[in-house]
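>>> Build me a model from this:
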Amino acid sequence: MKNFSLNFDKNEEHDCDHEYEFKIKSFAIKHNYNFFDDKVIQYAISLKSELINSLDKNSSNSDKIKVKYIKWIEKYLDEVHENLIARKMKISTIIKKQKNFVYTSKRNLIARPLGKRNILSRRKWIWIRDQYHFLKKKNIVNTNEEYSRLIRSELFKNKPDFWEGNIYEIDTIKEILDRQNW
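Next up, the predicted model:
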C-alpha cells in the first residue's frame with residue numbers, strides 16, 4: 001500500500017492502490033467534497049464498519065487482507081485528524097470517537113491458557129510452602145537448602161495422598177523456595 005497523500009484537490013486525477021482508497025477518493029470527487037469533510041469521514045467509517053462485519057474471524061488470508069484495508073482506513077482517518085489539527089479546524093466528534101480495530105480470531109487456542117499452572121504442581125507447591133512455614137516457626141534451620149532437606153525427608157516419611165509421581169529432588173525444592181518469597 002502506498003501512503004495516501006492528503007493534498008487532495010477536488011478535480012485532480014489520482015492513482016489508487018486498492019479499491020477502498022479508490023472508493024473514498026471517488027466519493028469525495030463525485031460529491032465535490034474535500035477529504036476532511038464530515039461526509040467523507042462518515043463514508044470512510046462506514047467502509048471500515050462494512051469490512052469489520054464481513055470478517056470471518058478464522059485467520060484466513062481474506063481476513064488478513066481485510067484487516068490490512070481496515071488499518072489503512074484507520075491510518076487515513078488519523079491523517080485527516082492530524083490535518084484538521086494542523087489547519088486549526090473544528091474536529092468532528094465522529095472522528096474523535098473512532099477506536100483502533102483489534103482483530104480476534106474465533107479459532108481455539110491449541111496451547112495451555114496463559115497464566116495457568118498444572119493443578120497438581122500448584123498443590124505440591126502449596127504443601128511445600130506449608131511445610132516451610134511449619135519448619136520456620138520451629139526455627140530449626142537457617143538456609144533454604146537445609147529447609148529443602150527437611151521437607152524432602154518429610155515427603156519420604158509422610159507423602160500426601162494427592163502427590164503423584166516422583167518426589168522432588170533437594171535442588172528442585174530449594175529452587176521453589178528461592179523463587180517464591182514466602
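>>> From now on I want contacts and neighbour counts done on CA atoms only, so please keep to that.
OK.
>>> May I have the secondary structure class of the residue nearest the centre of the chain?
Nearest to the mean C-alpha position of the chain, counting by C-alpha atoms, centre = their mean, stands residue 102 at 8.2 Å. Classification of residue 102 using DSSP: H, G, I helix; E, B strand; the rest coil returns coil.
>>> if I pick residue 100, what's in contact with it?
Neighbouring residues of residue 100 by C-alpha atoms under 8 Å, 6 or more residues apart in numbering: residue 74.
>>> Give me the distance between it and residue 45.
For residue 100, the distance to residue 45 equals 11 Å [C-alpha to C-alpha, to the nearest Å].
>>> do the same with residue 164
58 Å.
>>> With neighbour numbers in mind, choose between these two.
A side-by-side neighbour count of residue 164 and residue 45, using other C-alpha atoms under 10 Å, places residue 45 first with 19 against 11.
>>> and the spatially closest residue to the more buried one that is not a sequence neighbour, how many residues sit next to it?
Among residues not flanking residue 45 along the chain, residue 73 sits closest, at 7.8 Å (C-alpha to C-alpha, 6 or more residues apart in numbering). Neighbours of residue 73 under the rule other C-alpha under 10 Å: 20.
>>> Ok, residue 60 next?
Neighbour count for residue 60, taken as other C-alpha under 10 Å: 12.
>>> wait, what's in contact with it?
Contacts for residue 60 (C-alpha under 8 Å, 6+ apart) come out as none.
>>> Which of the residues in the longest helix along the chain are classified as buried?
Scanning the chain for the helix with the most residues, using DSSP state H, yields helix 61-86. Of the residues in helix 61-86, those buried under the neighbour-count criterion (16 or more other C-alpha atoms under 10 Å) are 63, 66-67, 69-74, 76-77, 79-81, 83-84.
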